[in-house]
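Q: Make a model of this:
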Amino acid sequence: MAGLNDILEGWKKDGIEWVRFELPDMHGTSRSKTIPLRHALGYAERGLNMYGGASVLDSRSDVVGGTLYNEERRYGDQLLFPDPDTAAVVPWADRTARLICDARWYDGTPLDATPRQVYRRVLERCRAMGYEPVTGFEYEFYLLNPETLEPLFSGYHIFNTVRNAYVPTIGRILELMPQIGVDIITSNCEYAGSQWEINFAPGTGLAGPDQAFTFKNGVKEIARNDGYLATFMSKPFGDSAGSGCHTHISLVDAKSGKNAFGDADDPQGITDLCRSFIAGQLRYAKAVDALIAPTVNCHRRRRRHTFSPTNISWGLEDRSALLRVKGGALESTHTENRGPTALSNPYLVGAALLSAGLAGIEQGLKPPPPSSGAPAEDDPSLEPLPSSLAEALGELSGEPATKEFFGEEFLKVYTAIRGHELARFADSVSDWERREYLELF
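A: Numbering: from 1, shown residues only. Prediction:
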């Protein structure tokens with residue numbers, strides 16, 4: 001912990017008084033404890049205790065039976081151990097810094113179902129194959145009135161300069177994110193009224209999902225500080241655009257340090273390795289769909305002619321396909337999966353798409369021809385993506401390869417959580433049902 005001690009000493013000189021120990025939960029939400037700076041090193045060395053089931057609560061924070069970390073552990077504590085590489089001052093919080101943590105039980109065993117641990121295992125697999133992943137996440141989100149839960153303005157104003165900076169909160173996000181290590185590269189209002197997309201540079205290894213985790217939780221905090229509600233809900237309004245998270249991945253050859261996907265001499269500009277990576281994402285698209293569209297609401301975003309993919313397809317610069325290959329400069333060639341929703345967890349999305357692509361490389365898979373002519377979403381011969389979370393969970397459990405991708409512990413935890421949410425959803429009575437049946441019948 002010598003390196004961390006130097007970090008803490010630096011924070012002390014800079015007037016930092018509080019340190020958050022943050023644990024990414026199953027939904028990508030930050031679960032944390034805040035401690036005085038003077039106690040941070042001691043907790044870092046011996047671990048900071050936190051309820052062991054914190055990372056496997058469902059979307060309502062229900063304690064769900066059968067998730068392995070609750071009654072099976074007698075509701076005992078886990079220990080949080082900070083990753084010094086994630087040390088950063090939180091510029092939107094008073095005299096506060098943060099450390100993203102990994103979790104272990106008291107005997108030193110890691111909690112294998114925690115999302116950061118799931119991604120870490122896939123990262124190790126990727127490195128063992130001789131590659132370093134570079135991942136980028138493009139989030140769309142809405143800013144809403146926190147009392148009425150309504151948008152700040154209506155209509156379709158994508159790229160409208162006045163709307164781009166409609167409220168000072170957007171400017172604050174652009175200003176503060178680089179101070180915590182999230183390198184903003186573009187910002188604009190999106191298709192729907194009160195919807196924005198703010199993009200940041202991709203990250204190598206764990207830095208990719210760590211930055212996405214920081215961005216999402218930071219946007220919500222900044223918005224709340226300014227009197228707004230920021231939501232990454234996939235489809236908050238039935239008559240308005242959904243919010244996605246287009247996920248970009250490339251592989252860098254560990255020996256040469258060069259992009260492993262681009263080939264200037266190839267007619268399509270890509271290597272055979274890239275083709276196999278594409279084929280793997282297509283082959284396992286249904287099997288990992290429950291991780292990239294993880295709630296019942298996510299599937300409401302999946303509609304034709306909305307730039308949200310509905311089938312298993314790929315194309316060169318094709319926004320209607322599930323998987324879009326982006327070229328340009330040779331070193332920037334990468335895949336863009338357009339399936340993940342803004343509500344998804346970046347660690348699990350990264351683990352899902354990277355696992356599928358690596359399996360394609362290991363198996364030497366080849367993709368079908370890319371889409372051409374009509375948009376991919378209009379091709380009736382292409383296999384549709386799952387139309388519901390229940391269907392997607394069935395695909396996740398029914399595909400033997402997912403045990404290798406994510407581990408049995410994670411699969412048991414995840415299916416129990418999402419199954420519990422589905423049961424609650426089935427028991428709920430919607431506004432539509434009341435409007436349809438209450439008076440007339």
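Q: who touches stretch 162-174?
A: 92, 143, 152-153, 157, 184, 187-189, 194, 196, 198, 218-219, 222-223, 226, 228 (CB atoms under 8 Å, 6 or more residues apart in numbering). C-betas here are computed from N, CA, C, even on glycine.
Q: try 6 Å this time
A: Here stretch 162-174 makes contact (CB atoms under 6 Å, 6 or more residues apart in numbering) with 157, 184, 187-189, 219, 222-223, 226, 228.
Q: Would you reformat those residues as TSV and include neighbour count and secondary structure?
A: Shown next, in TSV, are these (neighbours: other CB atoms under 10 Å; DSSP: H, G, I helix; E, B strand; the rest coil):
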residue	neighbour count	secondary structure
157	20	coil
184	16	strand
187	17	strand
188	17	strand
189	24	strand
219	26	helix
222	21	helix
223	24	helix
226	16	coil
228	19	coil
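Q: Quick check: the farthest pair among those?
A: Farthest pair in the contacts of stretch 162-174 (CB to CB) is 157 and 222. Separation: 21.6 Å.
Q: one step back: from the contacts of stretch 162-174, which is closest to residue 40?
A: Looking across the contacts of stretch 162-174 and measuring by CB to CB, the closest to residue 40 is residue 222, at 23.9 Å.
Q: how about that closest one, what does it touch?
A: Counted by CB under 6 Å, 6+ apart, residue 222 has contacts 92, 172-173.
Q: let's go with 10 Å and repeat that
A: For residue 222, the contact set (CB atoms under 10 Å, 6 or more residues apart in numbering) comprises 91-93, 169-170, 172-173, 175-177, 228, 230.
Q: Please render the residues you listed as JSON lines that adds secondary structure to the earlier fields.
A: Shown next, in JSON lines, are these (DSSP: H, G, I helix; E, B strand; the rest coil):
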{"residue": "91", "secondary structure": "coil"}
{"residue": "92", "secondary structure": "coil"}
{"residue": "93", "secondary structure": "coil"}
{"residue": "169", "secondary structure": "helix"}
{"residue": "170", "secondary structure": "helix"}
{"residue": "172", "secondary structure": "helix"}
{"residue": "173", "secondary structure": "helix"}
{"residue": "175", "secondary structure": "helix"}
{"residue": "176", "secondary structure": "helix"}
{"residue": "177", "secondary structure": "helix"}
{"residue": "228", "secondary structure": "coil"}
{"residue": "230", "secondary structure": "strand"}
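Q: What subset of these is buried?
A: Buried members of those, scored by 16 or more other CB atoms under 10 Å, are 92-93, 169-170, 172-173, 176-177, 228, 230.
Q: Pull the most distant pair out of those.
A: 93 and 170 (19.0 Å).
Q: List the buried residues of the helix or strand where residue 123 lies.
A: Using DSSP states H and E, residue 123 sits within helix 115-128. By neighbour count on 16+ other CB under 10 Å, the buried set for helix 115-128 is 115-123, 125-126.
Q: Between these, which sits nearest residue 415?
A: For the buried residues of helix 115-128, the nearest to residue 415 is residue 118 (13.9 Å; CB to CB).
Q: Now the closest one. Nearest residue, chain neighbours left out?
A: Spatial nearest neighbour of residue 118, excluding adjacent residues (CB to CB, 6 or more residues apart in numbering): residue 351 at 4.9 Å.
Q: Equivalent analysis for residue 28, please.
A: residue 345 (3.6 Å).
Q: Residue 324: neighbour count?
A: Applying other CB atoms under 10 Å, we find 24 other residues in the vicinity of residue 324.
Q: residues in contact with residue 193?
A: 142, 151-158, 163, 166, 237, 240-241.
Q: Which helix or strand lies directly C-terminal to the lengthiest strand in the chain?
A: Counting by DSSP state E, the longest strand found in the chain is strand 131-144. Counting by DSSP H and E, the next helix or strand C-terminal to strand 131-144 is helix 161-164.
Q: Now residue 287: closest residue in space, sequence neighbours ignored.
A: residue 399 (3.7 Å).
Q: and the gap between the one you found and residue 284?
A: Using CB to CB, to the nearest Å, residue 399 is found at 7 Å from residue 284.
Q: shared neighbours of these two, anything?
A: Common neighbours of residue 399 and residue 284 (CB under 10 Å, 6+ apart) are residue 405.
Q: Between the two, tell me which one has more neighbours.
A: For the pair residue 399 and residue 284, the greater number of neighbours falls to residue 284 (25 against 16), based on other CB under 10 Å.
Q: tell me the contacts of that one?
A: 312, 352-353, 355-357, 359-360, 365, 395-396, 399, 401-402, 405.
Q: so of these, which ones are in helices?
A: Among those, the members found in helices (DSSP state H) are 352-353, 355-357, 359-360, 395-396, 401-402, 405.
Q: Would you mind measuring from residue 391 to residue 162?
A: Distance from residue 391 to residue 162, by CB to CB: 42 Å.
Q: Looking at the two, which one has more neighbours?
A: Neighbours were counted for residue 391 and for residue 162 using other CB under 10 Å; residue 391 has more, 16 against 9.
Q: quick one: average confidence on the host helix or strand of the more buried one?
A: Per DSSP H and E: residue 391 is located in helix 389-398. Computed over helix 389-398, the mean pLDDT rounds to 97.
Q: That helix packs against which elements?
A: Where contact means 3 or more CB pairs under 10 Å, 6 or more residues apart in numbering; DSSP states H and E, helix 389-398 is packed against helix 289-292, helix 401-406, helix 408-427.
Q: Show me what the first one is packed against.
A: Packed against helix 289-292, as judged by 3+ CB pairs under 10 Å, 6+ apart, are the following elements: helix 346-363, helix 389-398, helix 401-406, helix 408-427.
Q: Name the nearest residue to the spatially most central residue of the chain, ignoring sequence neighbours.
A: By CA atoms, centre = their mean, the chain has its centre lying nearest to residue 346, at 2.0 Å. Nearest residue to residue 346, sequence neighbours excluded (CB to CB, 6+ apart): residue 212, at 3.6 Å.
Q: Quick one: classify the one you found as helix, strand or coil.
A: Strictly by three-state DSSP, residue 212 counts as helix.
Q: What does the pLDDT read for it?
A: Reading off the model, residue 212 has pLDDT 98.
Q: give me every residue that touches it.
A: Neighbouring residues of residue 212 by CB under 10 Å, 6+ apart: 24, 28, 135-139, 182, 200, 202-203, 245, 247, 344-347, 349-350.
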